[in-house]
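>>> Any chance you can model this:
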Amino acid sequence: MSLPTPTDHHHEDGPSLETYLETRLNLITVAIAEQLAAADRLYHQRFEAQAATVHAAFEAHQHAISLALAAAKDAVAAALAASDRAVQKAEIAAEKRFEGVNEFRAALADQQRTLMPRAEVDILMRALGERMEVVTTANGQRITVLEQLLGNRQAEMVGIKGGFGNAAGIIGFVLAVLGILAYVASRF
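Below you'll find the predicted structure:
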């Protein structure tokens, strides 16, 4: 579009200066409006690009936070599970220790019920010792009596053997004398 020049305004038939200025002003206004529209479009494009970038960053951060929360949740769940297992193991170990302690207590209680107190054992041992002395003394006396009886019996046996020997000797002598007498009698 060609702009009228100021020289064109001197013609009487041509447009006046006012018309020229109005046209110029309109053209400038249109150019400014087009520049503003272009700047506005550029601003909107940049704004939308930045909004898209911010939105993408926000989405990425949200995704990262979601992943971190999920990982933290999994870590907490794993820690809780490990803690539960550790508590269960500790409870089982404590139960086993208490069972062992209870068994030991029961064994001690049984031992206490079945074992005699030392004072009672001492009394029984003294009484048993006294009985042993009485029995030993009585047995010693019996042994002495038996030894005397055995000595007497042996003396009797020796006497009987001696008596049998004497009797046999006497009988032998008598038979010898009778034999001699019978011989002598048969010869005369």
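>>> C-alpha only now, for contacts and for neighbours.
OK.
>>> Determine the longest helix present in the protein.
Ranked by residue count and defined by DSSP state H, the top helix of the chain is helix 17-114.
>>> That one: what's the following helix or strand?
Under the assignment DSSP states H and E, the closest C-terminal helix or strand after helix 17-114 is helix 118-187.
>>> neighbours around residue 17, how many?
16 (other CA atoms under 10 Å).
>>> Same question for the one 4 residues further on.
Residues lying near residue 21 (other CA under 10 Å) number 14.
>>> any idea how far it is from residue 35?
Look at residue 21 and residue 35: by CA to CA, to the nearest Å, they are 20 Å apart.
>>> Kindly report the same for residue 64.
Here residue 64 is placed at a distance of 42 Å from residue 35 (CA to CA).
>>> show me where pLDDT drops low in the chain?
For the chain, applying pLDDT under 70 flags the ranges 1-14.
>>> Point to the residue nearest the middle of it.
Centrality entry for the chain: nearest residue to the mean C-alpha point is residue 93, 4.0 Å, by CA atoms, centre = their mean.
>>> list the contacts for that one?
With contact set as CA atoms under 8 Å, 6 or more residues apart in numbering, residue 93 has no partners.
>>> heads up, I number from 49, so please use that
Taking 49 as the first residue, the last one we looked at is residue 141.
>>> do you know how far it is from residue 132?
Distance from residue 141 to residue 132, by CA to CA: 14 Å.
>>> ok, now residue 171?
59 Å.
>>> What of residue 84?
69 Å.
>>> what does residue 173 give?
60 Å.
>>> Repeat that for residue 177.
Going from residue 177 to residue 132 by CA to CA gives 65 Å.
>>> One more: residue 161?
42 Å.
>>> Residue 82 too?
To residue 132, residue 82 is 72 Å away according to CA to CA.
>>> Domains of the chain: list them as residue ranges, please.
Domains of the chain are assigned by automatic domain parsing as 49-163, 166-236.
>>> and residue 208, how many neighbours?
Neighbours of residue 208 under the rule other CA under 10 Å: 13.
>>> what's the answer for residue 85, then?
Neighbour number of residue 85 under other CA under 10 Å is 12.
>>> cool, and residue 169?
Residue 169 is flanked by 12 other residues according to other CA under 10 Å.
>>> ok, now which ones touch it?
So residue 169 contacts nothing (CA under 8 Å, 6+ apart).
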